[in-house]
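Q: build the 3D model from these lines:
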Amino acid sequence: YQRRVRREDPSRGGLIKTPERYAKAMLFLTQGYTTSLQDIVNDAIFEEDHDQLVLVSDIDIFSLCEHHMLPFVGKVYIGYIPRKKVLGLSKFARIAEMFSRRLQIQERLTRQIAEAIHSLIDPEGVGVVIDASHMCMTMRGAQKPNSYTRTSYMTGIFRDDSRTRAEFLQLILKKHN
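A: Residues are numbered from 1 along each chain as shown. Just a heads-up that it's a prediction; the model follows:
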């Protein structure tokens with residue numbers, strides 16, 4: 001590897017400030033470490049007598065695989081059944097963003113989003129699904145550019161009741177058919 005890099009001229013115009021640009025990019029791409037759940041949510045938890053499924057879908061995420069430091073990009077789908085408390089809708093996207101802006105694996109990211117929502121509003125249950133394309137799989141390694149990884153994490157009624165889980169998953173699939 002070092003031999004290949006040595007063939008490059010580090011004084012070339014396009015490379016002179018590359019280390020500085022890379023450092024700034026990494027600070028941006030990992031800013032989730034400096035963000036707290038309390039800062040994101042602020043006072044956007046509301047008392048509400050709604051007890052049916054709420055689905056927030058197609059939340060774009062961008063993260064870095066902790067194994068290869070390559071991006072993975074995808075969509076997050078979040079469903080929950082409130083128990084007297086609802087969360088402001090934009091907060092779901094901000095929670096997904098906070099956890100995705102860390103060095104990650106998709107499985108952990110899925111769980112962290114679900115557990116954070118559950119801890120904030122104590123709903124009947126939370127379901128999170130993530131569909132993502134991993135550059136470590138598409139541009140290196142297996143080199144399968146059309147591959148996607150789907151992960152899910154369920155808490156409460158989504159985990160324990162197959163009908164609730166099926167309703168959530170069907171709503172996600174219905175949107176894409």
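Q: pLDDT below threshold where in this protein?
A: 1-5, 175-177 (pLDDT under 70).
Q: do a quick rundown of the strands in it.
A: Assigned strands in the chain, in chain order: 45-47, 54-65, 71-81, 85-87, 103-104, 125-134, 149-154 (criterion: DSSP state E).
Q: need the winner for burial among these.
A: Counting by mean count of other CB atoms under 10 Å, strand 125-134 has the highest mean neighbour count of these, with a mean of 24. All C-beta atoms are positioned from the backbone trio N, CA, C, and that covers glycine.
Q: show me what that one is packed up against.
A: strand 54-65, strand 71-81, helix 106-121, strand 149-154, helix 156-160, helix 162-175 (3 or more CB pairs under 8 Å, 6 or more residues apart in numbering; DSSP states H and E).
Q: so which of the ones you listed comes closest to Leu87?
A: Across those, Leu87 has its closest neighbour in helix 106-121 (5.4 Å, CB to CB).
Q: next, the buried residues of that closest one.
A: Using 16 or more other CB atoms under 10 Å as the test for burial, helix 106-121 gives Gln106, Leu109, Thr110, Arg111, Gln112, Ile113, Ala114, Ala116, Ile117, His118, Leu120, Ile121.
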